[in-house]
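only geometry, no sequence info:
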């Protein structure tokens with residue numbers, strides 16, 4: 001690391017050491033610090049990046065039969081437009097997108113004209129990053145809900161929070177998500193997710209845009225079932241005949257529809273639109289203090305080489321999180337201290353974002 005960076009970190013450190021907050025960290029009992037961390041433990045929504053510009057986004061195909069109604073944009077990449085079937089696409093004169101009588105929005109594919117291929121590549125990358133973020137969320141000091149209902153959540157009332165299943169999840173009867181408009185649910189599912197025919201996900205005052213289903217297996221929404229939330233699926237998302245989805249179907253393989261209604265839920269609470277960031281920005285990591293993982297978010301006004309690194313208090317680099325070319329947009333990068341060859345001790349660390357002429361450094365606290 002160069003002398004300028006080392007000196008800058010040292011100046012920041014001196015300020016921190018003299019600050020009242022850092023003096024309190026030294027002398028306040030551990031139980032108080034843990035209570036402070038708990039107060040910061042409310043879940044942040046998953047940042048979808050530019051994947052949030054699509055209500056359906058897939059890599060290998062999007063198909064429909066029957067009279068489907070999609071409100072929002074559809075995107076497919078790296079597969080071509082020929083793998084979007086059943087929509088009777090009409091190419092726009094610009095060849096940047098297509099339209100369909102079944103879609104209130106636009107349809108994009110990787111073989112359309114510039115800038116669509118690049119935009120879709122970025123969106124697919126953001127979708128995969130969001131999946132990794134959701135899958136990597138770890139329990140806060142207040143804990144998480146583990147294997148609720150042994151994988152059967154029908155009939156349950158689920159409060160906001162982080163839920164984790166080491167198996168698949170079945171919704172055989174109506175399930176209720178009980179919370180407010182700004183509350184967040186993240187469901188981590190190691191197997192398949194299946195909602196039975198005619199079953200509903202009831203959300204009351206909650207909002208579909210703040211509900212995230214991270215599914216390693218396949219998602220199947222039953223005939224005439226009603227589903228709510230953003231689906232981040234590593235495989236196939238299948239909506240059976242007459243099923244409705246208020247949310248997003250973001251699949252790393254394909255999405256299949258059958259006379260369905262799919263509605264864009266909007267942008268999640270606390271996540272700004274990432275269509276065109278107005279500037280470069282580096283946000284405070286969350287949670288902070290943290291153990292063992294946290295998330296760092298930043299925005300890029302334009303494409304370029306980006307470096308995101310973590311340093312200890314004496315200026316030694318301890319982790320490289322990003323080092324390469326990135327497109328304009330907003331990013332969410334997890335940092336897990338249990339990964340890598342070096343085990344990090346409790347204390348103050350700094351993370352630095354370099355994006356062209358933009359440089360920003362922030363501190364974070366690891367507390368084991």
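Arrived safely. Here the structure is a predicted model, which means the values were calculated and not measured.

pLDDT below threshold where in the stretch 151-300 of the chain?
269-278 (pLDDT under 70).

Identify each of the strands in the stretch 201-350 of the chain and give its residue range.
Along the stretch 201-350 of the chain, counting by DSSP state E, counting those that start in this stretch, strands occupy 201-202, 211-215, 219-221, 226-233, 237-239, 244-251, 254-258, 261-263, 281-282, 293-300, 304-311, 317-326, 329-336, 347-355.

Show residues contacting the third one.
In this structure, residues lying in contact with strand 219-221 by Cβ atoms under 8 Å, 6 or more residues apart in numbering are 192-195, 213, 227, 231, 233, 235-240, 243, 245, 251. Any C-beta I mention is one placed from the backbone N, CA and C, and that applies to glycine too.

Same question for the longest one.
With contact meaning Cβ under 8 Å, 6+ apart, strand 317-326 is reached by 1, 296, 300, 303-312, 331, 333, 335, 340, 342, 344, 349, 351.

likewise stretch 302-316?
Contact with stretch 302-316 is made by 1, 5-6, 9-10, 13, 296, 298, 300, 317-328, 333, 335, 344, 347-356, as judged by Cβ under 8 Å, 6+ apart.

Please, where are all the strands along the stretch 1-150 of the chain?
Applying DSSP E, counting those that start in this stretch to the stretch 1-150 of the chain gives strands spanning 56-58, 61-65, 69-71, 74-76, 84-85, 90-91, 98-100, 103-109, 145-146.

Go through those strands and find the least confident stretch.
Mean pLDDT values for these show the minimum at strand 145-146, a mean of 90.

where's the next helix or strand after that one relative to the chain centroid, distance-wise?
Next in sequence after strand 145-146, counting helices and strands by DSSP states H and E, comes strand 157-158. Relative to its chain's centre, strand 157-158 lies at 22 Å (Cα atoms, centre = their mean, to the nearest Å).

Taking the contacts of strand 219-221, please make a PyMOL selection of just the buried ones.
Buried residues within the contacts of strand 219-221, by 16 or more other Cβ atoms under 10 Å, are selected in PyMOL with:
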select buried, resi 192+193+194+195+213+227+231+233+236+237+238+239+240+243+245+251
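
Which residue is the nearest non-sequential neighbour of residue 242?
Using Cβ to Cβ, 6 or more residues apart in numbering and skipping residues adjacent in sequence, the residue nearest residue 242 is residue 224, 4.2 Å away.

Count the residues that sit near that neighbour.
Neighbour count of residue 224, defined by other Cβ atoms under 10 Å: 16.

Return the residues in contact with it.
Here residue 224 is in contact with 197, 198, 241, 242, 243 (criterion: Cβ under 8 Å, 6+ apart).

Looking at these, spot the one nearest residue 77.
Checking the contacts of residue 224 against residue 77 by Cβ to Cβ gives residue 243 as the nearest, at 24.9 Å.

Go ahead and confirm the closest one touches residue 237.
No. Assessed by Cβ atoms under 8 Å, residue 243 is found out of contact with residue 237, at 10.8 Å.

mind checking how far the residue lying closest to residue 45 once chain neighbours are set aside is from residue 46?
In space, and not counting its chain neighbours, residue 45 is closest to residue 268: 3.7 Å by Cβ to Cβ, 6+ apart. Using Cβ to Cβ, to the nearest Å, one gets 7 Å for the distance from residue 268 to residue 46.

if I look at the closest residue to residue 88 other than its chain neighbours, how far off is residue 356?
Nearest residue to residue 88 in three dimensions, chain neighbours excluded: residue 100, at 6.0 Å (Cβ to Cβ, 6+ apart). Distance of residue 100 to residue 356, given as Cβ to Cβ: 39 Å.

who's in contact with residue 254?
So residue 254 contacts 58, 59, 60, 61, 62, 63, 236, 237 (Cβ under 8 Å, 6+ apart).

List buried members of those residues by neighbour count.
With neighbours counted by 16+ other Cβ under 10 Å, the contacts of residue 254 contain buried members at 58, 59, 61, 62, 63, 236, 237.

Between all of the residues you listed, which two are separated the most?
Taking Cβ to Cβ, no two of the buried ones among the contacts of residue 254 sit farther apart than 59 and 63, at 13.5 Å.

how many other residues sit next to residue 350?
Counted by other Cβ under 10 Å, the residues lying close to residue 350 total 21.

how about it, what does it touch?
9, 12, 310, 311, 312, 313, 361, 362, 363, 364.

quick check, nearest of those residues to residue 154?
residue 364 (40.2 Å).

hang on, the closest one packs against residue 351?
Yes. Using Cβ under 8 Å, residue 364 makes contact with residue 351 at a distance of 6.4 Å.

re the thing from before, in a markdown table: the strands of the stretch 1-150 of the chain, plus distance to residue 172.
As requested, these are exported to a markdown table (distance: least, Cβ to Cβ, whole Å):
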| stretch | distance to residue 172 |
| --- | --- |
| strand 56-58 | 26 |
| strand 61-65 | 26 |
| strand 69-71 | 27 |
| strand 74-76 | 30 |
| strand 84-85 | 31 |
| strand 90-91 | 41 |
| strand 98-100 | 34 |
| strand 103-109 | 32 |
| strand 145-146 | 19 |
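
Out of those strands, which is closest to residue 130?
Among these, the nearest to residue 130 by Cβ to Cβ is strand 56-58 (10.4 Å).

Tell me which strands that closest one pairs with, and in which orientation.
Strand 56-58 has the following strand partners under DSSP bridges: strand 74-76 (parallel), strand 244-251 (parallel).
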